[in-house]
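**Student:** 3D model of this:
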Amino acid sequence: MTRARAWTFVKRALQLLVLLLACYLLLTPTGHYLLRGAWEEGKILAHRKSIEAIVAEPATKPAVRAKLSMVLAARAFAKDSLHLDTRKSFTQFTQLEHDTLTLLLSGAYRDRLLPKTWWFPVVGRVPYKGYFDFAAAKKAAAELDHQEYDVQLRPVSAFSTLGFFNDPLLSTTLRADSMDLSDTVIHELLHNTFYASGQTAFNESFANFVGARGAAAFFRSRGSEKAAAEVEARWADQKVLATFWRALYVSVDSAFKAHPDSKRDRLVARDTLFARARQELVWHVGPQLRTIGPRSLERAVINNATIMARRLYLTDVQLFDDVWEREGRDLNRAKSRIIALAKGDTKDPYGALHRFVDALPPGEGKLAVDGGRIWYKVTKGGSGVPLILLHGGPGVSSFYLKPYEDLKDDRTVVRYDQLGSGKSDGLTDTTRMTIAHYVEELEALRAHLGLDKVALLGHSWGSIMAVEYYQRYPQHVAAMVLQGVALDIPAWTRNTRKLVATLSDSSRRAIALHEADRNYDAPSFLAASDEYFGKYVSRHPVAADGDSIVHSMNQKLYLYMEGPTEFTITGTTKDYDATPFLHTIKVPTLYTVGEFDEADVATTRRLARFTPGAQFAEIMGAAHLSMWDARAENLRVVREFLRRVR
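**Tutor:** Below you'll find the predicted structure:
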């Protein structure tokens, strides 16, 4: 074949390819859809204006200028501090003709947890379809419903072209507040940086993690602690909801598998589960949320499509936070680690993350106990009697007791999360939410570690654990440190009501109102709780540590055994009183209490008098969390006491 004939052949092949592509776009429904999408994207790109130019224009409204300046700052932070691939995204702005960018359609089979999927060039098959044509979106949703799919159709204010085009900021996105806006910018820029092919749920959940943690870091870098805390609270709420949707997904999936031969039975089973889930969402999940009100939960639609959609954007999001914790809460290290793990296992990136998180560092372990596995950490140290730390709650992690690991100069220190708390397995079975269960759990840990005699440091609820363990296994206890004790709950309740009376008028009114209507997530009640916390729980909290405690808390466990708040005790421990048997304690015992402790100086002193030979120390300047409020003095008192124990 001559060069001229070869070139003629190539031209004809290209002409045929173009003709086939044109026919596909013009004659097929998917082609029409892609053409409409390309047209709308073209309009968005054609109407772009430089954000810097808009900010510089004197005619720009101050509110718009402030938000656009925030976008530029968030983008710069994402590039310089988070090392995201910004390219030229979010340097331009497009004013849309309407207040909604697209409608996103998703569907799922009604008797199976299987999503409806659509195939698109480049990105492959995805479980949603976006529509610029709202009438077409509603028609497609109606068609899916007619085909007996569960359907979800929701508005979307932003999207990413994964770096193929210079994505502008859209006017629909600009309506968000500064926290959500910054989160969105960082979220979309993560997609520029990394996108795992065929792993939509992983990509979206990863971007949600980076968006939230990145936005919090952004505001903190600007000295906006209040905004950072709000971002973290919203992220914590999303994690709570992710847990709810995951549990519902598992329940529905199990119900479907239990009826493989009957579609009718599958539908009846799921409808029963959905009815229960609606109640749980409003009455049990709602009180755990700090930034989402009950009315939005009451309006929530629950069907297979919404379950699948929620799972899409919130799949195992705690796992990303677990990597972040493992990487010392360094977001850049966590991001790089997650990307490397995902690249190393393209078929199962979540599996790669699980393997990384489950590979515990030296000194840490998981122990199988009745009901699950508990996490523990052994910090090896001097030859003194080993110390086991018993955290408060119930349901709070041991994270806040980390300062006691400084005692390793004298002795080995063991810190662990009780079942249902922190890094240990979850717990929903109320038959295991008992003092006796947790005493046996502690005994299993002691035996597993091969420790004959130990000192116990029990804080708050942990003080109950300590004295109850001593009653059951006195031969293994060498000494006890009882801090912020909860050994007389009726007295605790009387005292905390006195403390509530010292709060501001507005806080007292809010507490009275919402204890009556049980609306513990009302903003005014949360504000009152914050005032109480700042006076009587911790006077010098570290924001990041407070976030770890509050947002990793097992609210169901706390509510069942304690109650909705520190000052509203309605759980199974409400009548607990160790006073009658304190006189039987025959090991060295130290009671400590903060000067402003909700545990009450007078009550703690009285309990110490009932305990033979007990020592008492008041930690000045501290509230309930004396290990935070007066770390050095608290450690000094505990260290000196334990050094006398043999």
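**Student:** Kindly list the single helix or strand of this protein that scores lowest on mean pLDDT.
**Tutor:** Within the chain, no helix or strand scores below helix 3-27, which has a mean of 48 by mean pLDDT, DSSP states H and E.
**Student:** Spell out, range by range, the strands that occur in the stretch 151-300 of the chain.
**Tutor:** 169-170 (DSSP state E, counting those that start in this stretch).
**Student:** So Ala478 is in contact with Lys453, correct?
**Tutor:** Yes. At 4.4 Å, Ala478 counts as touching Lys453 under the criterion of CB atoms under 8 Å. Using the backbone N, CA and C atoms, a C-beta is placed for each residue, glycine as well.
**Student:** Can I get stretch 469-482 in PDB? Just the C-alpha atoms.
**Tutor:** Extracted in PDB, the C-alpha atoms of stretch 469-482 (Å, rounded to 0.1, in the frame of the first residue of the first chain):
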ATOM      1  CA  TYR A 469     -13.800  -5.600  90.900                       C
ATOM      2  CA  TYR A 470     -12.200  -5.500  94.400                       C
ATOM      3  CA  GLN A 471     -15.400  -7.000  95.900                       C
ATOM      4  CA  ARG A 472     -15.200  -9.900  93.400                       C
ATOM      5  CA  TYR A 473     -11.400 -10.400  93.100                       C
ATOM      6  CA  PRO A 474      -9.700  -8.800  96.200                       C
ATOM      7  CA  GLN A 475      -6.700 -11.100  95.800                       C
ATOM      8  CA  HIS A 476      -5.600  -9.300  92.600                       C
ATOM      9  CA  VAL A 477      -5.900  -5.700  93.900                       C
ATOM     10  CA  ALA A 478      -2.900  -4.100  95.500                       C
ATOM     11  CA  ALA A 479      -4.300  -0.500  95.600                       C
ATOM     12  CA  MET A 480      -7.000   1.700  94.200                       C
ATOM     13  CA  VAL A 481      -7.000   5.300  93.000                       C
ATOM     14  CA  LEU A 482     -10.600   6.600  92.900                       C
END
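**Student:** where does the chain have low pLDDT?
**Tutor:** 1-43, 98-101, 120-124, 157-166, 542-552 (pLDDT under 70).
**Student:** Look up the residues that both of Ala478 and Lys453 are in contact with.
**Tutor:** Between them, Ala478 and Lys453 share these contacting residues under CB atoms under 8 Å, 6 or more residues apart in numbering: Val385.
**Student:** Neighbour count: these two, which is higher?
**Tutor:** Legend: neighbour count by other CB atoms under 10 Å for Ala478 and Lys453, higher for Ala478 (18 against 15).
**Student:** Over to that one. Which of the three states is it?
**Tutor:** Classification of Ala478 by DSSP: H, G, I helix; E, B strand; the rest coil places it in strand.
**Student:** ok, Thr493 to Thr603 distance?
**Tutor:** According to CB to CB, to the nearest Å, Thr493 and Thr603 sit 11 Å apart.
**Student:** should've said Gly420
**Tutor:** Counting by CB to CB, the gap from Gly420 to Thr603 is 28 Å.
**Student:** what does Asp180 give?
**Tutor:** 45 Å.
**Student:** one step back: more neighbours: which of Gly420 and Thr603?
**Tutor:** Of the pair Gly420 and Thr603, Gly420 is the one with more neighbours under other CB under 10 Å, namely 27 against 18.
**Student:** thought the more buried one was touching Tyr558?
**Tutor:** No. Assessed by CB under 8 Å, Gly420 is found out of contact with Tyr558, at 9.4 Å.
**Student:** anything in contact with each of these two?
**Tutor:** What both Gly420 and Tyr558 touch, as defined by CB under 8 Å, 6+ apart, is the set Pro394, Gly395.
**Student:** Which parts of the stretch 401-550 of the chain are helices?
**Tutor:** 435-449, 461-472, 489-500, 505-517, 523-536, 543-551 (DSSP state H, counting those that start in this stretch).
**Student:** try the stretch 151-300 of the chain
**Tutor:** So, for the stretch 151-300 of the chain - with DSSP H, counting those that start in this stretch - the helices run 171-174, 178-193, 200-221, 225-257, 263-280, 294-298.
**Student:** With the stretch 1-150 of the chain instead?
**Tutor:** Counting by DSSP H, counting those that start in this stretch, the helices of the stretch 1-150 of the chain are 3-27, 29-46, 51-56, 62-80, 134-146.
**Student:** Any figure for the gap between the closest residue in space to Val126 that isn't next to it in sequence and Thr315?
**Tutor:** In space, Val126 comes closest to Thr200 once its chain neighbours are excluded; the distance is 5.4 Å by CB to CB, 6 or more residues apart in numbering. Counting by CB to CB, the separation of Thr200 from Thr315 is 10 Å.
**Student:** if I look at Ile292, how far off is Phe525?
**Tutor:** From Ile292 to Phe525 the distance is 14 Å (CB to CB).
**Student:** out of those two, which sits in the busier spot?
**Tutor:** Counted by other CB under 10 Å, Ile292 and Phe525 do not tie: Phe525 has more neighbours, with 23 against 19.
**Student:** Now for that one: which residues touch it?
**Tutor:** Ala510, Ile511, Leu513, His514, Asn519.
**Student:** And the residues you listed, which of them are buried?
**Tutor:** Ala510, Ile511, His514, Asn519 (16 or more other CB atoms under 10 Å).
**Student:** any chance of the residues you listed in TSV, plus distance to Asp265?
**Tutor:** Listed next are the buried ones among the contacts of Phe525 as TSV, based on distance: CB to CB, whole Å:
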residue	distance to Asp265
Ala510	47
Ile511	47
His514	42
Asn519	38
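**Student:** Tell me the one of those residues nearest Trp245?
**Tutor:** Asn519 (23.0 Å; CB to CB).
**Student:** Show the backbone phi and psi for the closest one.
**Tutor:** When read as degrees, to the nearest 10, the backbone of Asn519 gives phi -100, psi 80.
**Student:** again, but for Ala368
**Tutor:** The phi/psi pair for Ala368 (degrees, to the nearest 10) reads phi -80, psi 120.
**Student:** again with the one 3 residues further on
**Tutor:** Geometry field for Gly371 lists phi and psi as phi 100, psi -10, criterion degrees, to the nearest 10.
**Student:** try Asp577
**Tutor:** phi -150, psi 110.
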